[in-house]
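1. Fold the following and give me the result.
(one chain, ligands or ions: 2)
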Amino acid sequence: MDIDRRAFLASVGGLAMVEALDPEAKAEALEHYMMEKLDEDAAGLVIGGEAQVAAAAPDATIRRGAGNLFGPRGPADNRQMPALAPMSNTPTLLEFFEKRFAPANHVLQSATRALKTGMSEEIVLACLLHDVVLNLVKVDHGWWGAQMLEPYVPERTSWAIRYHQALRFYPDPANGYEYPELYTRIFGKDYEPQPHIKAAYDYARNHKWYLDARMVTVNDLYAFDPNAKVSIEPFIDIIGRHFKQPKEGLGNDGSPTAHMWRTMMFPDNPL
Ligand SMILES: [Fe+2]
Ligand SMILES: [Fe+2]
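-> Residues are numbered from 1 along each chain as shown. Ligands and ions are numbered 1, 2, ... in the order given. The predicted structure is shown next:
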């Protein structure tokens, strides 16, 4: 996927806005831009609008941490959210993909590549789910995502999801991961991750499951192809084997993270 540097800068409010961000926030902004652009291309949507907001209210801060279900997309003068399909009384993961995560191109492309390159089913599942929490919350998405999924997936799947966020910033050529050239091009050579990211990397680098999280980043890198045709179909059996679908439905099962799924079911509920 080509990144139009000017379009990217406009999407976050221009060069001055980008320069005001700390490096971690810049990297997050880039990844989210790429993901939204991909979904936009697939769905024919218009994204952006932050430039218009910045022009209208130059002192305003644009909060980026809220998930896609809560952050309006579209130009500043047309920021209503599309209505969401109502969910059944016993929602499955597949129903979330269909009604809340769609089009989900980024994670589907990532998982498709993982399948093609012969990853274990636990890692294919990690790739499929590694960024779905961005629908709920964006900031610290590795930790939030792992926590939300932990009651339902194998331990090493959620572990890999938790640490992919930090590992993105550290090259490991021996295992097929180069530092993203785009990060260097857009954010400069001297990027230093925040201390908690560095600490998470140091911890994960010496963990017995390091390669699991590393493989999520390896498959993540190539997951931005606007022409790829992807579907959830090839993953249905893997989900069936490894995702503990609660019979009451996600959100109704009383797990420690059921409320996170409920929040995505009913993002318009007050308080
Ligand atoms: Fe991610
Ligand atoms: Fe990703």
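
2. which one is K244 nearest to, not counting chain neighbours?
-> Closest residue to K244 apart from its sequence neighbours, by Cβ to Cβ, 6 or more residues apart in numbering: Y152 at 4.8 Å. Where you see a C-beta, it was placed from the backbone N, CA and C, and this is true even at glycine.

3. from what I can see the one you found touches I239, true?
-> No - using Cβ atoms under 8 Å, Y152 makes no contact with I239, being 10.0 Å away.

4. Next, show the common contact partners of the two.
-> Applying Cβ atoms under 8 Å, 6 or more residues apart in numbering, one finds that Y152 and I239 are jointly contacted by L93, Q245.

5. and the residue nearest to K244, what is it in contact with?
-> Y152 sits in contact with L93, F243, K244, Q245, P246, L250, S255, where contact means Cβ under 8 Å, 6+ apart.

6. Residue in the stretch 1-150 of the chain with the shortest distance to ligand 2?
-> Ranking the residues of the stretch 1-150 of the chain by distance to ligand 2 (Cβ to the ion) places D131 first, at 4.3 Å.

7. Surely that residue touches H141?
-> Yes - counting by Cβ under 8 Å, D131 touches H141, with 6.6 Å between them.

8. I figured M264 hits L134, correct?
-> No - the pair M264 / L134 is not scored as a contact, 11.0 Å apart, by Cβ under 8 Å.

9. If you count surrounding residues, which of those two has more?
-> Under the criterion of other Cβ atoms under 10 Å, the comparison of M264 against L134 puts M264 first, with 26 against 23.

10. List the buried residues for stretch 194-202?
-> Across stretch 194-202, burial judged by 16 or more other Cβ atoms under 10 Å covers I197, A200, Y201.

11. out of these, which one sits closest to A146?
-> Of all the buried residues of stretch 194-202, A146 sits closest to A200, with 11.2 Å by Cβ to Cβ.

12. burial count for the residue nearest to the closest one when sequence neighbours are not counted?
-> Distances taken as Cβ to Cβ, 6+ apart put A166 closest to A200, at 3.9 Å, once the chain neighbours are dropped. By the criterion of other Cβ under 10 Å, A166 has 24 neighbours.

13. Give the next helix or strand downstream of the helix or strand where A166 lies.
-> Secondary structure from DSSP states H and E places A166 in helix 155-167. Following helix 155-167 in sequence order, the next helix or strand is helix 181-187 (DSSP H and E).

14. Packing partners of that following helix?
-> Using 3 or more Cβ pairs under 8 Å, 6 or more residues apart in numbering; DSSP states H and E as the contact test, the elements touching helix 181-187 are helix 5-11, helix 23-43.
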